[in-house]
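> Show me the folded form of this:
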Amino acid sequence: MNKPKTVLLLNGSPKCERSNSRQIGKFLVDKLQEKGLTSEEAFAARLIKTPEGCEQLLKSVDQADIIVLATPLYVDSIPSFTIKALETINDHRKTVHRTGTQLLVGVMNSGFPEKEHMDIALKILQNFAKESGLQWAGAVSVGMGGALNGKPLKEGKGMTANLTRGLSLASVALVEGEAIPSGVEDLTSKPFMPIFLTKIGLRLLGKRMWNGQAKDNCAKREMYATPYKTPE
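Numbering: from 1, shown residues only. Reported below is the predicted structural model:
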C-alpha cells in the first residue's frame, strides 16, 4: 500500500478525554503525527448518540488511512456504545466504495494484569476489520490500565517504559503502512510490575474498594449473603 497520510484516534471509552485508553492511543498517534501524518480524534460515546454525530464519525473514518481504536475492556468485550459505533461503520462501508487500504489498530487496556483477558475482545475487533474491509494492523494490549490514572504517558519513564518504547516502535511500522510486529505487541503487553506484586496490590486495594462501595450503598450486611445455597 502507499504510505499512510492520515490517522484517526477513535476513542471507545465513556471517559473520553479523561480516559486511560485515550492516553495510550494518543501517545501512538502523536508519534505518527511527528512522522508527518495528519491526525484527528473522535469520541464514540458522544458521536453515536445523534444522526449528526454518526455522520461526522463516518466521514472521519472514510478519510483515515489508519484508524487507531482505543478502548477499555468490559467483561471480555468492548463498551456497548463502541460496539454500536462499529456496527454503524460496518453498515456504512457496505454502501460505499473506497479505493486504497485502510489499517485498523486495536489499542486495549484492562484492569487485570494479564494480557490474555483481552484476547476475545481483540478477536472481535479483528472480525470487525475483516467484515468492514479494513486491514488488521495489530494490537497494543495493556494490563492494569487503571494505574495510568488518566495521565499522559512519558517516554521511557518508570513503569510505562516498555509500553512507550513499544508504541514508538509500532509507529515506525505503521508509518510505512505495515502491521505492528508481534515482538512489539509482546513488548507493549509486559506488566507494569511483577505479577505477584500486582496480585497482592489488587487483593488489598480490591477489598478496600468493595467494602467502601458496599458501605456507601448500605449493602455491607448483604456482602456475604448466599440466597441460592441449598439448606443442609
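> Is Leu104 in contact with Ile124, as I believe?
No: the pair Leu104 and Ile124 fails to qualify as a contact (Cβ atoms under 8 Å) at a distance of 11.9 Å. (Glycine included, C-beta is placed from N, CA and C.)
> What residues does Thr164 make contact with?
Neighbour list for Thr164: 27, 153-157 [criterion: Cβ atoms under 8 Å, 6 or more residues apart in numbering].
> taking the residues you listed one by one, which sit in helices?
Members of the contacts of Thr164 lying in helices (criterion: DSSP state H): Phe27.
> so His92 makes contact with Leu58?
Yes: in this structure, His92 is within contact of Leu58 by Cβ under 8 Å, at 4.9 Å.
> intersection of neighbour lists for these two?
By Cβ under 8 Å, 6+ apart, His92 and Leu58 have no common neighbours.
> that older thread, can you flag the buried ones in the contacts of Thr164?
Neighbour counting by 16 or more other Cβ atoms under 10 Å classes 27, 153 among the contacts of Thr164 as buried.
> next SSE after the host helix or strand of Asp62?
Using DSSP states H and E, the element containing Asp62 is helix 51-63. Sequence-wise, the next helix or strand downstream of helix 51-63 (DSSP H and E) is strand 66-72.
> Give me the next element, helix or strand, following that next one.
Downstream of strand 66-72, the next assigned helix or strand under DSSP H and E is helix 80-93.
> Surely Val7 is in a strand?
Yes: with DSSP: H, G, I helix; E, B strand; the rest coil as the criterion, Val7 is part of a strand.
> so how many other residues sit close to the closest residue to it other than its chain neighbours?
Computed as Cβ to Cβ, 6 or more residues apart in numbering, the closest residue to Val7 that is not its neighbour in sequence is Ile66, at 4.3 Å. By other Cβ atoms under 10 Å, the residues close to Ile66 number 27.
> Ile66 pairs with what?
With DSSP bridges applied, Ile66 shows beta-bridge pairing to Val7, Leu103.
> Check the gap between it and Tyr74 for me.
According to Cβ to Cβ, to the nearest Å, Ile66 stands 24 Å off from Tyr74.
> circling back: taking helix 80-93 as reference, get the angle to the helix holding Asp62.
Per axes from the mean of the first three to the mean of the last three Cα atoms, to 10 degrees, the angle that helix 51-63 makes with helix 80-93 is 60 degrees.
> got the angle for helix 51-63 vs strand 66-72?
Going by the same axes, to 10 degrees, helix 51-63 makes 130 degrees with strand 66-72.
> domain parsing for the chain?
As given by automatic domain parsing, the domain ranges for the chain are 6-192, 194-232.
> Name the stretch among those domains that sits most buried.
Among those, domain 6-192 has the highest mean neighbour count (mean count of other Cβ atoms under 10 Å), at a mean of 18.
> Redo the domains of the chain as TSV? Include mean pLDDT.
Formatted as TSV, the domains of the chain follow (pLDDT from 0 to 100):
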stretch	mean pLDDT
domain 6-192	87
domain 194-232	71
